[in-house]
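Visitor: Just need the structure, nothing else, for what follows:
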Amino acid sequence: MKYFVSVILIILIGVIVYGDLSEVDKLIYSTNEGVVKDAQFTPNDEYIVAALNGSIFVYEYPSLRVYTIFRSDSLLISICANDNFVVAGSSDGKIYAWNLLTKEQLGTLTGHTKQINALVMPPDSKHVISGSSDKTVKIFELATGKCLETFDGLEKEVIDMDISSDGSTLVTAFRDGEISIWDLTKKEIIKSIETQEALNCISLSSDGKYLAVGLENSSIKLWDLDKESIVRNMEWHSDSVISIEITPDNKYILSGSKDRTAKLWDFETGMLLSTLKIQESGLTVATSSHDSKKIFTASEDMVIALWKIEDNMIASMDINKKPLKSLVGHLNRVSSVKITPDSKKILSVSAEGSIKVWDLESAKYIKNFNGELWPSNSLWTYYSLAISSDGTYSAFGNFYNYYSEGKGSLRIWDFRTSKLLWSLSGYFTSVAISPDNNYCISGFSSDGKIKIFELKTGKLTMTLEGHRGIVSTIVVSNDNRHVVSGSNDNTIKIWELKSGKLLNTLQGHSGDVNSVAISPDGKYILSGSRDSTIKLWNISSGELLGTIFPEAGTIYSIVFSNDGKYFVTGTGDGKVRIWNFYSGQIMNTLEGHTGAVYCVAVSLDDKYIVSGSSDNSVKIWGISEEISDKDTSPAIPEVN
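Guide: Model (predicted):
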C-alpha cells in the first residue's frame with residue numbers, strides 16, 4: 001500500500017539494469033487535471049489507474065491511451081482497483097465506485113466524516129474496506145453501497161491498510177508505529193505490534209506472513225508477523241519512506257522516498273537491486289505491476305515514469321566470526337593497519353611508536369621498523385600509514401612525539417630493504433600513496449592543508465588548501481583522478497590529483513570525519529564519522545545517496561573490499577562489521593576486541609580482514625565468499 005502526494009505529466013518507458021536506465025521510448029502528456037494523489041495497476045495489468053484531483057484517469061497498457069475518465073465532485077486521495085471495479089476515497093470522507101468494464105458509476109458510499117487514507121478490496125470483488133482519519137475502518141458492499149461493518153474505538157487515524165491475497169487478514173497502520181492485524185472472518189483484532197517508530201506506509205506479502213514498513217526515519221523494516229520480529233532492515237534512503245510495496249510474487253520490495261528516489265530490493269536478501277532517480281523533485285508514487293515486470297512512478301515535477309524490471313542479483317558470504325589469529329606486541333592502541341599487495345604481510349603502527357611487520361598466514365612477528373631507527377623511549381602518535389601498490393614503498397605519518405618537543409614526521413621507506421629513503425618534520429595527520437606510485441599525499445598540521453610529494457624524491461609538488469581543521473583521512477581513487485579527504489571540520493573534499501583543483505565539498509556529517517573510502521570503480525565515496533553515521537556519496541555529483549545509523553558509536557575506520565561488493569567498518573563499540581554495499585545491511589559482526597576498533601584493512605584477494613584496536617592488539621579474520629554468476633556489476637546505481 002502507498003502514501004501518495006502528487007502530479008503526473010509525462011510517461012517514459014525505461015529499463016532497470018542495476019541503475020542503468022535506457023533511452024526514453026515514449027512520451028505521453030496527460031490532461032491538465034491537476035495533482036495525482038494515487039496510482040495503481042489493475043491485477044490483469046491491462047490498465048493503470050491514476051487519481052488526479054477530482055478525476056480518475058484509466059490508461060490502457062501498453063498503448064497508454066486514455067481508456068476512460070471517471071469524474072467526482074471531491075478531491076480524490078486514495079484508490080484501489082481490480083479487473084472489474086475502481087474505487088476512490090476523497091478528502092471529505094466520500095467513496096466513489098465505478099464499473100471498469102461498463103464505465104458506469106456504481107454510486108457514492110458515505111459514512112466516514114473525514115479523509116479516506118486507504119482502500120482495499122477483498123478478492124470476492126463484492127466489498128471495499130476503507131480506513132479514515134475519523135479513526136474508523138468500514139466495510140461497504142459495492143452493489144448497494146451499504147455499510148456492513150464499522151470498526152470504531154481505534155482512537156487513532158488510520159494512515160494505511162493492506163489485505164492478504166485470500167482476503168482473510170487485514171492490516172491497519174497508525175502514524176505512531178502501532179500496527180493492528182485483523183481476522184476478517186471473525187472481524188476482530190488478533191494481534192497488535194508496537195514498532196515504536198513513526199511510520200508512513202505498509203505492504204503485506206501475498207501469503208500474509210510478512211509486512212514491509214516504510215518509516216519516517218528513512219529506513220524500511222520487514223516484519224515476520226508470526227514471530228513478531230524484524231527479519232530485515234533496509235537503510236539506503238536518506239529521507240522519509242512514503243511508499244512501500246511487496247510485489248505479488250514476493251520477489252521484490254519497492255520503496256519510494258522524499259529523497260527523490262525509488263528503490264528496488266530483493267525480498268529474500270534485502271539487497272538493493274536498483275535506484276531510480278526521479279528527476280529533481282520529490283517522488284510521490286511508486287507501484288509495481290502484478291507480474292512484477294514494471295514499475296510506475298510519479299513526482300512533484302509532474303513526471304510519470306514507467307520502468308521495466310530486469311533480473312536481480314544474488315550474493316552470499318560466509319565469514320569466520322572468530323579471529324583466526326590475534327597479534328600481540330604493541331604497548332598502546334593500534335592506530336593503523338595495512339596488508340601488502342601480495343596478501344602476505346601486515347603492517348601495524350601504534351601510539352607508543354612501534355611499527356611492526358607480521359606474516360599474515362602464520363601470524364608471526366617479522367620485524368620492527370621503529371626499533372632500528374628511533375630510541376625505545378620515543379612516544380609517537382601515528383595517524384596513518386600507507387603501502388605502494390607494488391609493495392615497494394611504505395609511508396608513515398605521525399602527529400607528534402612527546403620526546404621531541406611536539407614535532408612529528410613523514411617517513412618513506414623501501415619496504416623490502418627497510419632503508420629510509422627520505423623524511424620531513426611537521427605535523428602529518430594522514431597519508432596515502434597514489435596507485436601509480438608517483439605521489440605521497442599527506443594531511444599536514446592543524447591548518448587543514450594537504451601536501452603532495454613525489455614519492456621517490458620527497459619533492460613538494462603541490463599544497464591543497466580548503467579544510468578548516470585537521471585532515472584525518474585521505475584516499476586516492478584507483479584511476480589516480482581523485483583525492484578524497486575528510487576532516488574534523490565535519491566535511492569531505494574531493495580534489496583533482498593532477499591539478500590540485502577542489503572539485504566539491506560534501507557536507508552532511510555533524511561530527512569529525514574519521515575515515516573515507518572510494519569504491520573500486522571510482523563512482524562512490526563512503527564516509528564514517530564521530531556522529532556515528534555512515535554516508536554514501538556520488539563522487540561525480542557530490543550527492544548524498546544514503547545514510548546508515550549503525551548504533552555502534554563512533555565510526556573510526558571504513559574500507560571497501562577490492563571487488564566493491566562489501567565494505568568493512570571499525571567502531572567505538574569494539575566490533576568489526578561487514579556490510580553489503582548493495583543493500584546497506586550488516587552481513588556479519590565480528591567480535592573479539594575489548595576496545596574501540598580504530599583501523600581495518602582487507603587483503604587484495606578479499607580473503608582476510610585485519611583490524612587494530614585500543615586493546616593494543618591486531619586481529620586477523622578469514623572470509624569465504626561465493627558470488628553467483630549473475631553478480632557481474634555493482635548494483636548501487638550511477639547517479640548523474
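
Visitor: shaky segments in the chain?
Guide: 1-35, 278-281, 301-303, 310-322, 353, 370-383, 399-407, 446, 624-640 (pLDDT under 70).

Visitor: for it, what spans make up the helices?
Guide: Counting by DSSP state H, the segments of the chain that form helices are 369-373.

Visitor: domains in it, as residue ranges please.
Guide: As assigned by automatic domain parsing, the chain contains the domains 6-314, 317-626.

Visitor: chain center to the first one: distance?
Guide: Taking Cα atoms, centre = their mean, to the nearest Å, one finds domain 6-314 lying 23 Å from the centre of the chain it belongs to.

Visitor: ditto for stretch 505-515
Guide: So, by Cα atoms, centre = their mean, the centroid of stretch 505-515 is 17 Å from its chain's centroid.

Visitor: circling back to that earlier point, reformat the domains of the chain into CSV and put mean neighbour count next to each item.
Guide: (C-beta placed from N, C-alpha, C; glycine too.) Formatted as CSV, those follow (neighbours: other Cβ atoms under 10 Å):
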stretch, mean neighbour count
domain 6-314, 19
domain 317-626, 20
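
Visitor: so what's A88 bridging to?
Guide: With DSSP bridges applied, A88 shows beta-bridge pairing to I79, Y96.

Visitor: isn't it right next to I95, touching?
Guide: Yes - with contacts counted by Cβ atoms under 8 Å, A88 reaches I95, the gap being 7.1 Å.

Visitor: Now the common contact residues for these two.
Guide: Contact criterion Cβ atoms under 8 Å, 6 or more residues apart in numbering; residues shared by A88 and I95: L119.

Visitor: can I assume G107 is in contact with W98?
Guide: No - judged on Cβ under 8 Å, G107 makes no contact with W98 at a distance of 9.4 Å.

Visitor: quick one, what contacts the residue nearest the centre of the chain?
Guide: Central residue of the chain (Cα atoms, centre = their mean): W236, 1.8 Å from the mean position. Neighbour list for W236: 263, 272, 275, 536, 545-546, 548, 583-584, 636 [criterion: Cβ under 8 Å, 6+ apart].

Visitor: Which of these sits closest to G592?
Guide: Nearest to G592 among those: I548, at 22.5 Å, using Cβ to Cβ.

Visitor: In space, what's closest to that closest one - neighbours in sequence excluded?
Guide: Nearest non-adjacent residue to I548, counting by Cβ to Cβ, 6 or more residues apart in numbering: I534, 4.3 Å away.

Visitor: Adding distance to K501 as columns, could you present the contacts of W236 in TSV?
Guide: Putting the contacts of W236 into TSV (distance: Cβ to Cβ, whole Å) gives the following:
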residue	distance to K501
K263	33
L272	32
T275	29
L536	24
L545	23
G546	27
I548	30
S583	35
G584	31
I636	26
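
Visitor: Please identify which pair of those residues lies farthest apart.
Guide: Longest distance between any two of the contacts of W236 is 15.1 Å, between T275 and I548; criterion Cβ to Cβ.

Visitor: Contact partners for A143?
Guide: Counting by Cβ under 8 Å, 6+ apart, A143 has contacts 106, 126.

Visitor: and it, backbone torsions?
Guide: phi -60, psi -40 (degrees, to the nearest 10).

Visitor: quick one: it from N84, how far?
Guide: As defined by Cβ to Cβ, to the nearest Å, A143 lies at a distance of 12 Å from N84.

Visitor: ok so, going back, I figured the residue nearest to I548 hits T569, correct?
Guide: Yes - proximity of I534 to T569 meets the contact threshold set by Cβ under 8 Å, at 6.7 Å.

Visitor: Mutual contacts of those two, please.
Guide: Common contact partners of I534 and T569 (Cβ under 8 Å, 6+ apart): 528, 550, 555, 558, 579.

Visitor: Turn those into TSV, columns for distance to G426.
Guide: Converted to TSV, these look like this (distance: Cβ to Cβ, whole Å):
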residue	distance to G426
G528	26
P550	35
I555	27
I558	26
W579	35
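
Visitor: Tell me the one among those residues nearest to G595.
Guide: Each of these was scored against G595 by Cβ to Cβ, and I555 proved nearest at 15.4 Å.

Visitor: Who is that closest one paired with across the strands?
Guide: On the basis of DSSP bridges, I555 is bridged to T571.

Visitor: how near is it to T417?
Guide: Applying Cβ to Cβ to I555 and T417 gives a distance of 36 Å.

Visitor: Same question for L506.
Guide: Using Cβ to Cβ, L506 is found at 40 Å from T417.

Visitor: cool, G486 as well?
Guide: Distance, G486 to T417, by Cβ to Cβ: 33 Å.

Visitor: Just the contacts of W236: which are in strands?
Guide: The strands, defined by DSSP state E, take in 263, 272, 275, 536, 545-546, 548 from these.

Visitor: How are the strands of the stretch 351-500 of the chain distributed by residue range?
Guide: Secondary structure of the stretch 351-500 of the chain (DSSP state E, counting those that start in this stretch): strands at 355-359, 365-368, 380-387, 393-401, 409-414, 419-425, 428-433, 439-444, 449-454, 460-464, 471-476, 482-487, 491-496.

Visitor: So what touches the shortest one?
Guide: Residues outside strand 365-368 that contact it (Cβ under 8 Å, 6+ apart): 327, 329, 345, 354-359, 418.

Visitor: With respect to D563, which of the residues you listed is nearest?
Guide: Using Cβ to Cβ, those come closest to D563 at K345, 21.4 Å.

Visitor: what sits against the closest one?
Guide: Contacts of K345 by Cβ under 8 Å, 6+ apart are 339, 357-360, 366.

Visitor: And V610, by the same measure?
Guide: Shown in contact with V610 (Cβ under 8 Å, 6+ apart): 337, 339, 346, 360, 600-603, 618-621.

Visitor: Return the member of these nearest to K221.
Guide: Nearest member of the contacts of V610 to K221, counting by Cβ to Cβ, is V600, at 27.5 Å.

Visitor: what's the spacing between that closest one and I48?
Guide: According to Cβ to Cβ, V600 stands 48 Å off from I48.

Visitor: mind giving me a markdown table with the contacts of strand 365-368 and columns for distance to D291?
Guide: Listed next are those as a markdown table, based on distance: Cβ to Cβ, whole Å:
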| residue | distance to D291 |
| --- | --- |
| L327 | 55 |
| G329 | 61 |
| K345 | 54 |
| S354 | 63 |
| I355 | 61 |
| K356 | 59 |
| V357 | 58 |
| W358 | 56 |
| D359 | 56 |
| S418 | 65 |
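
Visitor: Nearest to N490, out of the residues you listed: which one, please.
Guide: Using Cβ to Cβ, I355 comes nearest to N490 of the contacts of strand 365-368, at 30.4 Å.

Visitor: Pretty sure that closest one sits against L347.
Guide: Yes - in terms of Cβ under 8 Å, I355 counts as a neighbour of L347; the distance is 7.1 Å.

Visitor: Now list whatever residues contact both of those two.
Guide: With Cβ under 8 Å, 6+ apart as the test, I355 and L347 both reach L385.
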